[in-house]
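Q: Predicted model and sequence follow; I will ask about them next.
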Amino acid sequence: MAKTSLSFVPNQKVNPKTWKEWDAFPTDSILEFHRQLPEYSITPLHSLNALSKKLGVNRIWVKDESHRFGLKSYKALGGSFAIARFLQQRYDLEDLHFEQLHATNFPDSEEIVFATMTDGNHGLGVAYIVSKLGYESQIYVPKEMVSARIEAIEKVGGTVTIFEGGYDDAARQIAKDAEEYGWKVISDTAWENYTQIPEWIIAGYSTIFEEVKEQLAWDVPTHIFIQAGVGSLASSLIQYFRTVYESDGIKIIITEPDCANCFYHSAQINDGKAHNYPGKVDTMMAGLACAEPNPIAWPVIRDGTDFMLSCSDKISALGMRSYYHPEKSDPIIISGEAGAVTFGALIEMCRNPNYSAIKEKLELNSKSKILLVNTEGATDPVNFEKVIQSG
């Protein structure tokens, strides 16, 4: 039996009682640090008024991270904060000042090599920040990664190693090699005895949502659709909105590729535990091509998410084309495969009668104020052109 383009499961483990136990991110200090970074500027929050009217909803807002640092992705926010906190602890620094973290300020800086694995955007963000600070970076990438993403990492100064295997295999290998060579791993997913760096990365992403709060002037979304790969960005969003807004009126919807839907799969099993995606990871949404949930992101996603969506690549392609060919006066948005899937899912649910039951369950109606995050631009230019022209 063929898969549908979009599948839906309610999260029966959502638990608002736990939200009051979560610590709010120190967003003032995190944002203050990010404002010191070269090329920092607040990214746009677009309002798609024409499409909102056509789909019968109140508002659609899109936080456009394709403009972040000129890297076409938000990922450097997490990597930069984690690297800064590591250096702050290593050198017992009182405050986080970007220029103070430069390698030229420390006589033993040549001993420090930062390393990570990536499907593209995280590795680029790490290599960019590491280069700005004068250190060396080692970036492991899966063999399937497109040349444009590899070239982008090398252009900002990263040393790329192509790994025979997928993202999750590269994560295990980089941990092994880092121990052998003395590298410092900057990973956005955790494993046994490795949690502090991913926690800092998750906290670093909160700058996105602090900017959104300022841009919305405390107007509150009713629905937020957010992508999940290993779940670090999603857990950052959930922890931010559940602690800052202190409201259970916001519906948060995790959105994943159907061939890498570990959170959707975990919600289906419904035993409160995180489960790996059991099949072969096969999706053009490279930034979301992760079979294994981040273990420190899972409790937040389990307790703070209302619904899980599983989407085919066709849904992502629909989102990419719809961003690029907007309604009337709405702005053109350049979005890559992982960035557009939430937009495609929203459009499909609102206009396709086959998904009217999902739309009704999510209570998408004329009162809905919907927040999306475009997590990346056209990081694979060849596929971007192919998708845009195919519509």
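A: Right, received. Where do you want to start? Model, not experiment: these values are computed from the prediction. Numbers count the residues shown, from 1 in each chain.
Q: give me every residue that touches residue 285.
A: 257, 260, 313, 316, 337-338, 341 (Cβ atoms under 8 Å, 6 or more residues apart in numbering). Glycine gets a C-beta too; all of them are placed from N, C-alpha and C.
Q: same question, residue 23
A: By Cβ under 8 Å, 6+ apart, the contact list for residue 23 reads residue 243.
Q: Same question for residue 365.
A: So, once contact is read as Cβ under 8 Å, 6+ apart, residue 365 ends up touching 56-57.
Q: now it: how far from residue 356?
A: As judged by Cβ to Cβ, to the nearest Å, residue 365 and residue 356 stand 12 Å apart.
Q: With residue 30 instead?
A: Counting by Cβ to Cβ - residue 30 and residue 356 are separated by 41 Å.
Q: cool, residue 140 as well?
A: With Cβ to Cβ as the criterion, residue 140 and residue 356 are 44 Å apart.
Q: Please state the offset of the lowest-mean-pLDDT helix or strand in the chain from the chain centre?
A: Lowest on mean pLDDT, DSSP states H and E among the helices and strands of the chain sits helix 167-181, with a mean of 87. Mean C-alpha position of helix 167-181 versus that of the full chain (Cα atoms, centre = their mean, to the nearest Å) differs by 22 Å.
Q: one step back: so which of the contacts of residue 285 are in strands?
A: residue 257 (DSSP state E).
Q: Save the contacts of residue 285 as CSV, and put in neighbour count and distance to residue 268 too.
A: Supplementary listing: the contacts of residue 285 in CSV, determined by neighbours: other Cβ atoms under 10 Å; distance: Cβ to Cβ, whole Å:
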residue, neighbour count, distance to residue 268
257, 30, 15
260, 27, 14
313, 19, 20
316, 29, 21
337, 26, 24
338, 27, 22
341, 33, 19
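Q: Let me see the domain layout of this structure.
A: 6-74+205-390, 76-195 (automatic domain parsing).
Q: any idea which helix or strand comes after the least confident helix or strand of the chain?
A: strand 184-185 (DSSP states H and E).
Q: I'd like the mean pLDDT over that next one, please.
A: Averaging pLDDT along strand 184-185 gives 97.
Q: Tell me how far that strand lies from the chain's centre.
A: Counting by Cα atoms, centre = their mean, strand 184-185 is centred 20 Å from the centre of its parent chain.
Q: Partner strands of it and their direction?
A: strand 113-117 (parallel) (DSSP bridges).
Q: For the strand it pairs with, give the mean pLDDT please.
A: 96.
Q: Compare residue 140 and residue 356 (neighbour count), which wins?
A: Using other Cβ atoms under 10 Å, the more surrounded residue of residue 140 and residue 356 is residue 140, with 23 against 13.
Q: how about the strands in the stretch 1-150 of the chain?
A: Secondary structure of the stretch 1-150 of the chain, counting by DSSP state E, counting those that start in this stretch: strands at 6-10, 45-47, 59-64, 113-117, 136-142.
Q: Let me know which of the ones you listed is the nearest to residue 376.
A: Closest approach to residue 376 among the strands of the stretch 1-150 of the chain (Cβ to Cβ): strand 59-64, 10.1 Å.
Q: so where's this structure shaky on pLDDT?
A: Where the chain drops to pLDDT under 70, the residues are 1-4, 247-248, 391.
Q: centroid residue for it?
A: residue 233 (4.1 Å; Cα atoms, centre = their mean).
Q: which residues does it contact?
A: Residues near residue 233 by Cβ under 8 Å, 6+ apart: 74, 205, 226-227, 373, 375.
Q: And for the residue nearest to residue 156 when sequence neighbours are not counted, the neighbour number?
A: In this structure, residue 156 finds its nearest non-sequential neighbour in residue 128, 4.5 Å apart by Cβ to Cβ, 6 or more residues apart in numbering. Counted with other Cβ under 10 Å, residues neighbouring residue 128 total 27.
Q: Residue 128 and residue 73 touch, don't they?
A: No - using Cβ atoms under 8 Å as the test, residue 128 is too far from residue 73 to be in contact (10.1 Å).
Q: Could you check how far the closest residue to residue 347 other than its chain neighbours is from residue 385?
A: Among residues not flanking residue 347 along the chain, residue 322 sits closest, at 5.7 Å (Cβ to Cβ, 6+ apart). Residue 322 sits 16 Å away from residue 385, going by Cβ to Cβ.
Q: And whatever helix or strand the residue nearest to the centre of the chain lives in, what's buried?
A: Per DSSP H and E, residue 233 falls inside helix 232-244. By 16 or more other Cβ atoms under 10 Å, the buried positions in helix 232-244 come out as 232-244.
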